[in-house]
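Chemist: Here is the input, now give the coordinates:
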Amino acid sequence: MAHSSAAAARRPRATGPAPSLNGPASDVHPVLRRASAPPAALDLLAQARAGLEEATALETPNERYATAHLAALRTAAAVLAARGRPETTPRARARIRSAWDVLPEIAPELTDWSALFASGARRRARAEAGIRGAAGNRDADDLIRDVAMFLRIVERMLALQPVLPRPRPDAQDPGRPGPERPDPEPDGAGRELSDAG
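Modeler: Predicted coordinates for the structure are as follows:
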């Protein structure tokens with residue numbers, strides 16, 4: 001029996017990518033790629049993840065609640081660092097606003113999360129002040145679960161943004177007729193689908 005590596009050694013090696021039947025490979029389909037969030041946002045997400053892990057290890061409900069809420073705040077700050085824009089007027093810049101107030105303007109898809117965590121800000125302040133009974137075990141457990149989910153959603157939102165390929169320099173004007181290219185896979189097979197879950 002012949003050895004398969006000997007047969008492979010006799011074959012000529014390809015010098016580049018396989019030729020495409022329908023044009024250059026960059027012209028096939030837009031592909032979802034990992035887009036990096038700004039370093040400040042990534043740092044805030046790392047701090048939020050560490051804070052959440054710390055919250056699960058703490059003993060008292062007040063400490064767990066306050067630490068988990070701070071992790072949620074850092075997660076919101078990561079979204080603001082990635083998507084936020086400075087206020088344009090001096091009067092608007094002078095106003096002090098909570099991250100929970102600004103977040104729905106920057107990321108409307110997180111409005112419900114913002115309302116949830118804004119409602120817990122007063123309890124967090126009481127827990128940080130050491131007021132006995134500010135947060136119970138169940139309050140802390142529920143918040144830790146909510147923050148974990150919020151953090152995962154934001155991590156995906158900031159890390160899986162689709163990056164479409166740049167138009168080719170030789171691309172035609174949309175108004176000018178040109179040769180039509182057949183759809184290589186009319187049934188849609190082979191296209192990469194985004195991870196919706």
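
Chemist: what sits against A118?
Modeler: The contact partners of A118, taken as Cβ atoms under 8 Å, 6 or more residues apart in numbering, are 98, 100-101. All C-beta spots, glycine's among them, are computed from the backbone N, C-alpha and C.

Chemist: Would you mind confirming that Q47 makes contact with L73?
Modeler: No - between Q47 and L73 no contact is recorded; they are 10.1 Å apart, counting by Cβ atoms under 8 Å.

Chemist: who's more crowded, these two?
Modeler: L73 (20 against 16; other Cβ atoms under 10 Å).

Chemist: State the helix or strand in which that one lies.
Modeler: helix 61-83 (DSSP states H and E).

Chemist: pLDDT (mean, whole number) over the following helix or strand past that helix?
Modeler: Next along the chain after helix 61-83, taking DSSP H and E as the criterion, comes helix 90-94. The predicted model gives helix 90-94 an average pLDDT of 75.

Chemist: Could you tell me the model confidence score at T111?
Modeler: The per-residue pLDDT reported for T111 equals 93.

Chemist: Could you give me the buried positions within whichever strand or helix holds it?
Modeler: Using DSSP H and E, the element containing T111 is helix 111-119. By 16 or more other Cβ atoms under 10 Å, the buried positions in helix 111-119 come out as 113-114, 116-118.

Chemist: Looking at the contacts of A118, which are in helices?
Modeler: With DSSP state H as the criterion, helices contain 100-101 from among the contacts of A118.

Chemist: which among the contacts of A118 end up buried?
Modeler: W100.

Chemist: Can you tell me which of the buried residues of helix 111-119 is closest to E87?
Modeler: Compare each of the buried residues of helix 111-119 with E87 using Cβ to Cβ and the shortest gap goes to S114, at 18.2 Å.

Chemist: Excluding sequence neighbours, find me the nearest residue to the closest one.
Modeler: By the measure of Cβ to Cβ, 6 or more residues apart in numbering, the closest residue to S114 outside its immediate chain neighbours is L103, 4.3 Å from it.
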